Structures are given as structure tokens and as C-alpha cells.
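[1] Quick one: sequence and predicted model below, then my questions.
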Amino acid sequence: MEWDPTQYFRADDPPTPFALVILNQPINEKAFSVLREHSCITICADGGANRYYEMMRRHGRESLDLPSLIIGDLDSIHPEIRTHYDNLGVPVIEDPDQYSTDFTKCLTYLHSHAHEIVAKKSGSRRPSQQPLNIIILGGLGGRVDQAFSQIHHLYMMTQQQQQESSSALVGHLYLVSEESITFILRSGKNIIRTPGTNRPGSTVVGTESHFLEENVGIIPLSGPASITTAGFEWDVADWSTEIGGQISTSNHIRADVVEVASRTPVLFTLELASRFKRAR
């Protein structure tokens, strides 16, 4: 499996089609301003609309820069903000299901409409067969239980995709938080592109050319894992890792392409370059 998480921040090429999901947590505005430029669709998960509105209001653009739609059970969105967006024609989809989170509701919608979303972005009249990647903004800030919930749903969706055929509608999922970009590596060999990392020996000069800092973590989620890595300061071979035992945190990227092989899915997290971190 190949991953290219910094493509969404690079200006050299249009990135793989992706949707941007705004959760009800503080928004990393620096990352948002770059990601919004190329996203196919921007969805607010219920109370995420409050965060989105307040962000735009600070810039005097609350009636100009609008989300594509709002989805959830609508118990968190402020009535006046819902009315504001209703009046401006933003679709608001109410899903009262109490057995799924607003985050899950967004993922379900995107899974059902992925091909038409990509086709609309490209200007085609026919549904596209190209998978739609998803970037979730605000996934690991705020309450700890909600952060674990986002990781849980990210893991479950990744597992579901691995069981599907290569014609899956939704591609990679990434969580962009205040300082990191995080995703679930699948079992087997994973190749991750990491160009523009601020690391010793890098030929990239100047902070404006960096996309990542060197720090990286590999965390087992569903039980013990055995990992083999390449391209890091401290590489390992068939190394056992588990919560309560050894875990790989604060390792350092040492190449423009790194590799992680694991017999089970593991969480992989990269530190964003300072210019993409949320201002305090």
C-alpha cells in the first residue's frame, strides 16, 4: 500500500481527489487554508458548522465562504447558524440515527456519493471510478474520549476498505489535527512518501519548503503487532510492539520515502511542519 500524505499541502501538482470533513473541534486554520484550495467538497459534521462559521466570521466571510453541506443529527449546530446557512442555500441533512456519530454519518454519505463527487469536481457528466480520499480536520483535539472515537472510526473504516475490492469508492483517510497528520497503515508493506521533511541531510532549504517535521510515531491499536521499518533513524526488524510494552514514539524520518511492514494495522502519525500547525 502506498501513501502520499503531504500531496495535499504541495503546490506542484493537483492532489488525488479528496473530501474535507470539519468536526466539532478547534480548526487548524493554517492547514485548512491550504486544504480547502483543492478539496472536492467540504462537509461540516453537525457542530463542526459552528466552528466553520466562527472561523469565517473572524475574517468577515461568513456569507461568502460556505461549506458544501452539513450532516448530523443536528443537536449541536446553533439554531441561528443553521438558519444562516439554510438562507444561503447550504444543504443541511438531518440523520437522527443515535447509533452512529456525526463523523460516521459524514463517512457514510461520502462512501455513497464518492464517484459523483469526483466527477463533479472534474466537470464530467459520468460518475468517476477514481477513489475519493478523505481528510478529517480536527480529529484529535478536545476531549480525549472523542479523540479515541475518531481513531476507532478511522480504524473501522480502514478495516472495511481492506475487505472490499480494488474498486472501493473511498480511498485513504487522514486525520489532520493541530500539529499532526495521522492515518491507519494496513497489514502488509506500506510505502509512505515524506518529501520536504525538516531533517538532517535534507536538500530542501527554507522553512517555506517544508511539509513535515522529522518526528513520527507508530502505535499498535488492536493488540500486539510486529513491525519492520526502513528510512527512519531507528529502524527495526520484526519488532514486537503493544500497549503496555514497547511502542515506537518520537522516531525520526531519514528519507524521502519510508517503509513500514506490519502483520496487523497500526496507527501512523507524522508531525506537520510549523507553518501548517494551528496557531495558539
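    Cool, got the structure.
[2] Number of residues surrounding Phe9?
    Residues near Phe9, counting by other CB atoms under 10 Å, number 22. Quick note: C-beta positions are derived from backbone N, CA and C, even for glycine.
[3] so what's it up against?
    By CB atoms under 8 Å, 6 or more residues apart in numbering, the contact list for Phe9 reads 31, 34-35, 211, 276.
[4] Identify, from these, the entry nearest to Thr42.
    Leu35 (8.9 Å; CB to CB).
[5] Show me the shaky parts of the stretch 51-200 of the chain.
    123-129, 139, 141-142, 161-168 (pLDDT under 70).
[6] let's go with 90 and repeat that
    96-104, 107-108, 111-112, 115-116, 118-131, 138-172, 177-178, 200 (pLDDT under 90).
[7] show me where it has helices.
    Ranges of helices in the stretch 51-200 of the chain, per DSSP state H, counting those that start in this stretch, are 79-87, 102-122, 144-163.
[8] What subset of the contacts of Phe9 is buried?
    Listed as buried from these are 31, 35, 211, 276; burial here means 16 or more other CB atoms under 10 Å.
[9] And the helix or strand containing the first one, what does it pack against?
    In other words, Ala31. Following DSSP states H and E, one finds Ala31 within helix 29-35. Other elements packing on helix 29-35 under the criterion 3 or more CB pairs under 8 Å, 6 or more residues apart in numbering; DSSP states H and E are strand 132-137.
[10] what distance separates the strand it packs on from the middle of the whole chain?
    Chain-centre distance of strand 132-137: 5 Å, with CA atoms, centre = their mean, to the nearest Å.
[11] Could you identify the helix or strand that succeeds the longest strand seen in the chain?
    Longest strand of the chain, by residue count under DSSP state E: strand 212-220. Note on strand 212-220: by DSSP H and E, the next helix or strand toward the C-terminus is strand 225-230.
[12] Report the buried residues of that next one.
    For strand 225-230, by 16+ other CB under 10 Å, it's 225-227, 229-230.
[13] Residues touching it, excluding its own?
    Outside strand 225-230, the residues within contact range by CB under 8 Å, 6+ apart are 218, 235-242, 248, 251, 255, 258-264, 266.
[14] hmm, what's the outermost residue in the chain?
    Largest separation from the mean C-alpha position in the chain: Asn87, at 29.7 Å (CA atoms, centre = their mean).
[15] that older thread, need the buried residues of strand 225-230 in TSV (columns: pLDDT and distance to Arg143).
    Output for the buried residues of strand 225-230, formatted as TSV (pLDDT from 0 to 100; distance: CB to CB, whole Å):
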residue	pLDDT	distance to Arg143
Ala225	93	27
Ser226	95	32
Ile227	96	29
Thr229	97	32
Ala230	98	36
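[16] ok, so of those residues, who is nearest Gly60?
    The closest of the buried residues of strand 225-230 to Gly60 turns out to be Thr229 (CB to CB; 47.2 Å).
[17] Please report how far that closest one lies from Ala255.
    Counting by CB to CB, to the nearest Å, the separation of Thr229 from Ala255 is 11 Å.
[18] Ala261 too?
    Separation of Ala261 from Ala255 (CB to CB) stands at 15 Å.
[19] what's the answer for Gln159, then?
    Taking CB to CB, one finds Gln159 at 28 Å from Ala255.
[20] Which one's more surrounded, those two?
    Remark: of Gln159 and Ala255, Ala255 carries more neighbours, 17 against 14, as counted by other CB under 10 Å.
[21] show me the contacts for the spatially most central residue of the chain.
    Central residue of the chain (CA atoms, centre = their mean): Tyr174, 2.4 Å from the mean position. Shown in contact with Tyr174 (CB under 8 Å, 6+ apart): 5, 8, 133-136, 181-183.
[22] mind putting these in JSON lines, distance to Arg58 and neighbour count included?
    Shown next, in JSON lines, are the contacts of Tyr174 (distance: CB to CB, whole Å; neighbours: other CB atoms under 10 Å):
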{"residue": "Pro5", "distance to Arg58": "28", "neighbour count": "22"}
{"residue": "Tyr8", "distance to Arg58": "23", "neighbour count": "22"}
{"residue": "Asn133", "distance to Arg58": "28", "neighbour count": "24"}
{"residue": "Ile134", "distance to Arg58": "26", "neighbour count": "25"}
{"residue": "Ile135", "distance to Arg58": "22", "neighbour count": "23"}
{"residue": "Ile136", "distance to Arg58": "22", "neighbour count": "28"}
{"residue": "Ile181", "distance to Arg58": "24", "neighbour count": "23"}
{"residue": "Thr182", "distance to Arg58": "26", "neighbour count": "22"}
{"residue": "Phe183", "distance to Arg58": "30", "neighbour count": "22"}
